[in-house]
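**Student:** what's the 3D shape of this:
(one chain, ligands or ions: 1)
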Amino acid sequence: MFQNSLEYAKKQDADDTLAAFRNKFHIPKDASGKELIYLCGNSLGLQPKITSEYIKEELADWANLGVEGHVEGKHPWLPYHEFLTENMAKIVGAKPSEVVVMNTLTTNLHLMMVSFYQPTKTKYKIVVESDAFPSDKYAVESQLKFHGIDPKDGLILWKPRKGEELCRFEDLEEIMQTHGNEIALLMIGSTNYYTGQSFPLKKITELGHKYDCMVGFDLAHGAGNIQPNLHETGADFAVWCTYKYLNSGPGSLGGCFVHERHANNETLNRFAGWWGHNKKTRFNMRHEFDALPGAEGWQLSNPPILSMAAIRASLDTFAEAGFENLRKKSEKLTGYLEFLLDEMKNDAINVITPRNPKERGCQLSIQVKNADKSLHTKLTEAGVISDWREPDVIRVAPAPLYNSFEDVFHFSEKLKKVLK
Ligand SMILES: *Cc1c(COP(=O)(O)O)cnc(C)c1O
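**Tutor:** Okay, here's the model as predicted:
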């Protein structure tokens with residue numbers, strides 16, 4: 001159904017009801033002022049043009065009101081995180097009470113493990129996918145050590161089979177059949193940052209729960225990309241960041257999901273701070289810690305409002321586009337990229353990301369035989385911003401909010417040239 005021509009790509013953009021959203025973003029340019037082909041939203045999403053307005057509003061309230069901005073601001077700072085909750089909950093398919101924006105991803109992952117990884121003498125192991133993002137692996141290993149467990153004993157890797165790149169669900173089932181009674185937690189990153197593989201979150205959760213394990217997901221590459229339907233999956237917790245597909249600026253805050261079944265669970269360990277305390281008595285200062293129900297109860301500190309303003313700008317943009325519309329466009333846009341790569345009929349390139357759109361987000365990971373980083377350098381010189389992962393993978397992620405079919409077409413032409 002797709003065609004390999006610039007004319008066709010332009011026609012798709014002309015027919016795209018979301019095409020106007022590109023103009024709501026700052027697109028990076030080269031030295032001559034020509035727009036770059038930006039396919040790196042999996043690493044740092046682009047800046048919405050409205051973001052600076054949102055931040056300026058907070059700067060103005062701070063300038064004009066000082067401390068009174070906490071209650072008198074146009075968007076008062078005391079409940080500011082609440083202005084993000086509803087839109088964020090929609091993006092990850094959760095109930096508002098299950099979602100909070102706070103801290104950063106790795107911090108949230110630790111906080112969640114404090115609560116949901118409570119090992120016993122016999123049930124103490126953690127399963128992660130073998131190519132987990134380094135920060136997740138460090139976090140999990142350090143949690144094991146914190147409980148006096150040697151990661152060599154306590155960490156189980158869910159690995160692709162020899163000669164394969166993707167993890168198979170059957171192999172996770174086998175791990176659970178063999179070690180289920182020793183496993184306390186499944187902590188899986190979905191969508192996988194390297195291969196782009198999205199795992200069946202609900203099936204994984206049901207499998208974990210069948211063996212009485214806690215189940216958590218890292219959605220750094222999922223949030224704003226796929227629809228994880230977190231509530232429906234039944235997962236115990238999830239964490240994500242907002243600077244990748246959620247376009248909220250470098251190092252911006254993370255999101256956190258705690259399933260409603262844990263909303264009032266007082267038996268869980270928790271590292272507490274005043275922002276997780278009952279809002280009515282927070283400022284009395286002399287009360288025993290009284291956790292807010294739901295995900296909000298895991299907050300620690302009063303949050304950085306300037307960062308949250310950027311998140312609010314981005315979430316408003318997502319809400320305007322509609323996440324379902326974005327996902328529909330995304331499947332088509334990435335499908336087009338896949339088609340153009342297939343059309344190259346070049347044995348040196350191999351897309352390791354799953355072929356089934358249900359098992360991936362917008363990213364394709366392209367393995368290039370015998371390539372090294374110079375290939376990526378050449379692409380960059382040709383005006384493509386993509387991402388290189390050793391030993392031999394280029395990751396490209398056409399983001400449906402600001403990438404066009406024309407971007408994808410030009411990328412494939414440039415890749416063809418560079419590979420010659
Ligand atoms: C991007 C990413 C992180 C980064 O963590 P921060 O705490 O935000 O620096 C962690 N895990 C995964 C899977 C990621 O993709």
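**Student:** any idea how far residue 362 is from residue 350?
**Tutor:** Between residue 350 and residue 362 the computed distance is 19 Å (Cβ to Cβ, to the nearest Å). Using the backbone N, CA and C atoms, a C-beta is placed for each residue, glycine as well.
**Student:** ok, the two, which is more surrounded?
**Tutor:** The neighbour comparison of residue 350 against residue 362 (other Cβ atoms under 10 Å) goes to residue 362, with 30 against 15.
**Student:** thinking the more buried one is in contact with residue 335, fair?
**Tutor:** No: between residue 362 and residue 335 there is no contact under Cβ atoms under 8 Å: 10.2 Å.
**Student:** neighbours around residue 236, how many?
**Tutor:** Using other Cβ under 10 Å, residue 236 has 23 other residues around it.
**Student:** let me fix that: residue 29
**Tutor:** 12.
**Student:** quick one, phi psi at the residue nearest to it when sequence neighbours are not counted?
**Tutor:** Taking Cβ to Cβ, 6 or more residues apart in numbering, and ignoring the residues beside it in sequence, residue 29 has residue 35 as its nearest neighbour in space, at 5.5 Å. Taking degrees, to the nearest 10, you get phi -60, psi 130 for the backbone angles of residue 35.
**Student:** can you check the pLDDT for residue 35?
**Tutor:** For residue 35, the model assigns a pLDDT of 97.
**Student:** list the contacts for it?
**Tutor:** By Cβ atoms under 8 Å, 6 or more residues apart in numbering, the contact list for residue 35 reads 27, 28, 29.
**Student:** switch those over to TSV; also include distance to residue 314.
**Tutor:** Shown next, in TSV, are the contacts of residue 35 (distance: Cβ to Cβ, whole Å):
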residue	distance to residue 314
27	16
28	17
29	21
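**Student:** which ones are touching residue 260?
**Tutor:** Contacts of residue 260 (Cβ under 8 Å, 6+ apart): 95, 97, 98, 231, 294.
**Student:** from these, pick the one nearest the ligand.
**Tutor:** residue 98 (20.3 Å; Cβ to the nearest ligand atom).
**Student:** and the closest one, how many neighbours does it have?
**Tutor:** By other Cβ under 10 Å, neighbour count at residue 98 equals 25.
**Student:** returning to that earlier point: need the max-distance pair from the contacts of residue 260.
**Tutor:** 231 and 294 (12.2 Å; Cβ to Cβ).
**Student:** mutual contacts of these two, please.
**Tutor:** Shared contacts of residue 231 and residue 294 (Cβ under 8 Å, 6+ apart): 98, 260.
**Student:** more neighbours: which of those two?
**Tutor:** Each of residue 231 and residue 294 has its neighbours counted (other Cβ under 10 Å); residue 294 has more, 20 against 17.
**Student:** isn't that one up against residue 265?
**Tutor:** No: counting by Cβ under 8 Å, residue 294 does not reach residue 265; the two are 10.7 Å apart.
**Student:** mind checking the SS state of the residue of the stretch 151-300 of the chain found nearest the ligand?
**Tutor:** Nearest residue of the stretch 151-300 of the chain to the ligand (Cβ to the nearest ligand atom) works out as residue 220 at 3.2 Å. Using DSSP: H, G, I helix; E, B strand; the rest coil, the structure places residue 220 in coil.
**Student:** overlap of the contact sets of residue 294 and residue 265?
**Tutor:** By Cβ under 8 Å, 6+ apart, residue 294 and residue 265 have no common neighbours.
**Student:** please give the element, helix or strand, for residue 338.
**Tutor:** According to DSSP states H and E, residue 338 maps onto helix 323-343.
**Student:** quick one, what contacts residue 263?
**Tutor:** Contacts for residue 263 (Cβ under 8 Å, 6+ apart) come out as 97, 98, 293, 294, 297.
**Student:** go with 7 Å
**Tutor:** By Cβ atoms under 7 Å, 6 or more residues apart in numbering, the contact list for residue 263 reads 97, 293, 294.
**Student:** measure the most far-flung residue of the chain relative to its centre to residue 363 for me?
**Tutor:** Most distant from the centre of the chain: residue 286, at 37.8 Å, with distances by Cα atoms, centre = their mean. Counting by Cβ to Cβ, the separation of residue 286 from residue 363 is 50 Å.
**Student:** go on, residue 342?
**Tutor:** Counting by Cβ to Cβ - residue 342 and residue 363 are separated by 17 Å.
**Student:** comparing those two, which residue is more hemmed in?
**Tutor:** Using other Cβ under 10 Å as the criterion, residue 342 and residue 363 rank with residue 363 on top: 29 against 14.
**Student:** could you report the pLDDT at residue 370?
**Tutor:** Reported pLDDT for residue 370: 89.
**Student:** in the stretch 151-300 of the chain, which spans are helices?
**Tutor:** 151-154, 169-179, 201-210, 230-233 (DSSP state H, counting those that start in this stretch).
**Student:** so how far is the last one off the chain centroid?
**Tutor:** Between the mean C-alpha point of helix 230-233 and the mean C-alpha point of its chain there is a distance of 16 Å (Cα atoms, centre = their mean, to the nearest Å).
**Student:** what about that helix, average pLDDT?
**Tutor:** If you average the pLDDT over helix 230-233, you get 98.
**Student:** contacts for it, please.
**Tutor:** So helix 230-233 is contacted by 92, 93, 94, 95, 98, 201, 202, 205, 238, 257 (Cβ under 7 Å, 6+ apart).
**Student:** just the buried subset of the residues you listed, please.
**Tutor:** Buried members of those, scored by 16 or more other Cβ atoms under 10 Å, are 92, 93, 94, 95, 98, 201, 205, 238, 257.
**Student:** mind listing what the closest residue to residue 181 other than its chain neighbours touches?
**Tutor:** Counting by Cβ to Cβ, 6+ apart, residue 123 is the residue found nearest to residue 181 once chain neighbours are left out, at 6.6 Å. Applying Cβ under 7 Å, 6+ apart to residue 123 gives the contacts 181, 182, 183, 184.
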